[in-house]
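**Q** have a look at this fold, sequence not included:
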């Protein structure tokens, strides 16, 4: 396993990290989830990601329990705040009240005194940005959070937050968690350049496009049992499971074969080719998936291979 600095911080995280969205506490039973986390730790993954809103706290409980057997200083733990956690008017968003209450609730569910990284899961247009940043700064000063980040914020929102933090001498955003894969590349236009300018690293989620870039889905065939697309409500995999994308995937398989890689490994190596990417966040319902994906760490794609991929993606 190779490690990279998280943005311009001194914190080093594994190139492949393990998340719990749509999996742990959801359709993956606790035993399999814990086995996947154990395998990840064994193979050198030191970066684990969850969120309060994943199955209303259930994922945090699963992740916290699985990691409790390991020394706390040996791994980097991230969770998030923003999503709806109750029926009250203050049970969502990025107000000081919601951030403070949810940070304490997350720490309790995770069974730890602090999280290494705390994300604003989305942008909150109803809360003044300074209120949000001051609440996060307080958590850092209290030792409950070591670093702060955002997820799915625009380049303009990130810039505003950086400038305001500098002006008010508040703790700075050091990481952004966007969606990024061969099939979803919106961050390349403005988010990557802006983040690089301000020393913000990317921890990208869905680098395998919800499993489409594993090659397990085929034209006209029923989704494999146990796959995400076989779960009610996720049949289209958020619009990614299209004929156009499946055609691209079939062409990408030959590139992967020529590089002696699986399609998943090629897709992860392609994401990690970006110097602004600190880590690629995978999901895994079985330990075997973790074993395959970690082999993408350290893989360097030559310029000819990258050009072939670009031709296919266009």
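**A** In hand now; what should we look at? Nothing here was measured: the structure is a model prediction, and the numbers come from that model.

**Q** which residues in the stretch 1-150 of the chain form strands?
**A** Using DSSP state E, counting those that start in this stretch, the strands of the stretch 1-150 of the chain run over 3-5, 12-14, 16-18, 47-49, 76-81, 115-120, 145-151.

**Q** looking at this protein, which helix or strand does the model trust least?
**A** Ranking every helix and strand in the chain by mean pLDDT, DSSP states H and E puts helix 30-42 at the bottom, with a mean of 91.

**Q** packing partners for that helix?
**A** strand 16-18, helix 58-67, helix 287-294 (3 or more Cβ pairs under 8 Å, 6 or more residues apart in numbering; DSSP states H and E). Using the backbone N, CA and C atoms, a C-beta is placed for each residue, glycine as well.

**Q** can you pull the contacts of residue 308?
**A** By Cβ atoms under 8 Å, 6 or more residues apart in numbering, residue 308 lies in contact with residue 255.

**Q** could you verify that it is part of a helix?
**A** Yes: applying DSSP: H, G, I helix; E, B strand; the rest coil, one finds residue 308 inside a helix.

**Q** picking that back up, indicate which one of the helices and strands packed on helix 30-42 is closest to residue 193.
**A** strand 16-18 (23.1 Å; Cβ to Cβ).

**Q** mind listing residues that contact the closest one?
**A** Applying Cβ under 8 Å, 6+ apart, the external contacts of strand 16-18 come out as 1, 36-37, 40, 45, 47-49, 203, 268, 279-284, 290, 293-294, 296-297.

**Q** before we move on, back to that, can you pull the buried residues of the least confident helix or strand of the chain?
**A** By 16 or more other Cβ atoms under 10 Å, the buried positions in helix 30-42 come out as 33-41.

**Q** for these, which one is nearest residue 303?
**A** Nearest to residue 303, judged by Cβ to Cβ, of those is residue 40 at 31.2 Å.

**Q** tell me which stretches of the stretch 201-314 of the chain form strands.
**A** 201-205, 277-282.

**Q** picking that back up, as TSV, the buried residues of helix 30-42 with distance to residue 112 would be great.
**A** Compiled in TSV, the buried residues of helix 30-42 are given as follows (distance: Cβ to Cβ, whole Å):
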residue	distance to residue 112
33	18
34	16
35	21
36	20
37	14
38	18
39	21
40	18
41	15
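
**Q** residues near residue 294, how many?
**A** 24 (other Cβ atoms under 10 Å).

**Q** does residue 76 touch residue 13 like I think?
**A** Yes: with contact defined as Cβ atoms under 8 Å, residue 76 counts as touching residue 13 (5.5 Å).

**Q** overlap of the contact sets of the two?
**A** 6, 46-47.

**Q** which residues does stretch 166-179 contact?
**A** By Cβ under 8 Å, 6+ apart, stretch 166-179 touches 6-9, 49, 117, 119, 130, 133-134, 136-137, 140, 147-153, 158, 161-162, 164-165, 186-187, 191, 195, 198-206, 278, 281.
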